[in-house]
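Trainee: Pasting a predicted model and its sequence here:
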Amino acid sequence: MEGYAVLSDKETVEGASSVRKNRAFKPTVAALAVVALSGAVVAGVDSFDEQEIAQANVASVPAAELWRTPAVAPQADDPSTWTLPIRAYQVNGNEVNRTLLSAAQAKKAAACLDRFGVAAPFTAPRSWSEAAPTAHPGPKNGMDVRYGDHDLAKVSAYGYGWPDEAQAGARSARSFAADAELSPEVELALYGPGGRTGKVTARTAAAPTVNGKAVPTAGCAGETDQALVGRTRTPGVLDTTEDAITKLERRSWDNMLTDPRTLAVFGKWSSCMKSKGFDYKDPWAANDDPRWVAGGGKSAEAIATAKADVTCRNSFGVSETMHKVETDWQQRLLKENPKVAAEAKGYTQRVMAQVDATLGR
């Protein structure tokens, strides 16, 4: 565990080793401040040749479904309601699952610390309702901004930036992870003899108990990991099953960006921008313009550019095209890699079943 962690969507918003694809998502938005126990906190042609896909080894590909989360009906004009096939196969790569897992970790770790008579240095949720993300002054989730800005009202006010309170909230929620000092007793109970670093020192080696009770090898953090994910995790290192499905996600994103359908709509967008006096080859070039760094993307020039950007995006369905193409590629890659898909589905279901039970869902 590395202290409190801010769960965002793709950043989440989707673990420490999650794939960062949406360059438009600049700030880390605080969805829920909870414990991240030793772990992550986490991708052509005009149409695919069905015969080619049929020839792939698809016999054992499972039909995955999203874990039991509140259903949100997809809305054509709201990317935050969209999803992608691979998200159903991910724990840390799916911000909903990741948020729930971290909430369950916090609850179990707090209970473990209580056995040692030690107060948890964080607030643990007592139920699913307390773990559910709440509204915040930033992107609704990772899908909301995965393909870039799309809300004309938002960019008219903040350009490529976000409200100051979104960034301030993220900094405040992250402060524990970076700065908190734990008492030797709390650190020993939480992390075990090796402490946060995992390295046994003379002090911790001489104090393997707290209040007369033996501390687990990796402390309450390790005990919690074993219970929920079946292993003691290393900070920033994904389970091999998660790593494999994440690599497929990376491939689907990369393939989407070079797919002729995506390039064609980028070309239309670029021509539209030129007609408005802005010269960029694709939406990322506008979003990542170095001129926006100093002003946080909220200067008058950035706002004018972002308004033209979103107008052109919406005129030609840029986000919709990227989503459709990425969805196609993910479906294809899942069919072509049935073993990876099956193992990822099984892992996700096992972990989320434990999370479900812990949070009383």
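Mentor: That came through fine. Quick caveat: nothing in here was measured; it's all calculated off a predicted structure.
Trainee: Could I get the full set of strands for this structure?
Mentor: Here the chain has its strands, by DSSP state E, at 4-6, 33-35, 209-210, 213-214.
Trainee: who are the neighbours in contact with residue 117?
Mentor: 210-211 (CB atoms under 8 Å, 6 or more residues apart in numbering). In short, each C-beta sits where N, CA and C put it, glycine included.
Trainee: Check the spacing between it and residue 337 real quick.
Mentor: 49 Å (CB to CB, to the nearest Å).
Trainee: Equivalent analysis for residue 261, please.
Mentor: 22 Å.
Trainee: Compare these two (neighbour count), which wins?
Mentor: Shown here are residue 261 and residue 337; by other CB atoms under 10 Å, residue 337 has more neighbours (21 against 17).
Trainee: correct me, but the more buried one touches residue 247?
Mentor: No. Counting by CB atoms under 8 Å, residue 247 is not a contact partner of residue 337; they are 9.4 Å apart.
Trainee: Okay, now the unreliable bits of the stretch 51-200 of the chain?
Mentor: 51-72, 128-129, 131-137, 165-180, 196-200 (pLDDT under 70).
Trainee: All the helices of it, residue numbers only.
Mentor: With DSSP state H, counting those that start in this stretch, the ranges of helices along the stretch 51-200 of the chain come out as 95-115, 128-131, 142-145, 152-158, 164-179, 184-191.
Trainee: Mean neighbour count and distance to residue 331 added to these, as a markdown table?
Mentor: Shown next, in a markdown table, are these (neighbours: other CB atoms under 10 Å; distance: least, CB to CB, whole Å):
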| stretch | mean neighbour count | distance to residue 331 |
| --- | --- | --- |
| helix 95-115 | 24 | 20 |
| helix 128-131 | 16 | 31 |
| helix 142-145 | 27 | 17 |
| helix 152-158 | 16 | 31 |
| helix 164-179 | 15 | 33 |
| helix 184-191 | 22 | 42 |
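Trainee: and residue 306, which of these is closest to it?
Mentor: The closest of the helices of the stretch 51-200 of the chain to residue 306 is helix 152-158. By CB to CB, the value is 3.8 Å.
Trainee: helices or strands next to the closest one in the packing?
Mentor: Packing partners of helix 152-158 (3 or more CB pairs under 8 Å, 6 or more residues apart in numbering; DSSP states H and E): helix 300-316.
Trainee: Identify the residues contacting the helix it packs on?
Mentor: By CB under 8 Å, 6+ apart, helix 300-316 touches 148-152, 155-161, 265, 268-269, 272-273, 276-278, 283, 286-287, 289, 291-292, 295, 297, 318-319.
Trainee: Of those residues, just the buried ones, PyMOL syntax please.
Mentor: In PyMOL, the members of the contacts of helix 300-316 classed as buried (16 or more other CB atoms under 10 Å) are selected with the following command:
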select buried, resi 148+149+150+151+155+158+159+160+161+265+269+272+273+278+283+286+287+289+292+297+318+319
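Trainee: which residues of the stretch 251-361 of the chain score low on pLDDT?
Mentor: Of all residues in the stretch 251-361 of the chain, none has pLDDT under 70.
Trainee: Mind doing that once more with 80?
Mentor: Within the stretch 251-361 of the chain, the ranges that satisfy pLDDT under 80 run 361.
Trainee: quick one: the helices in it?
Mentor: Shown for the stretch 251-361 of the chain, the helices assigned by DSSP H, counting those that start in this stretch span residues 260-275, 283-287, 300-316, 318-336, 338-359.
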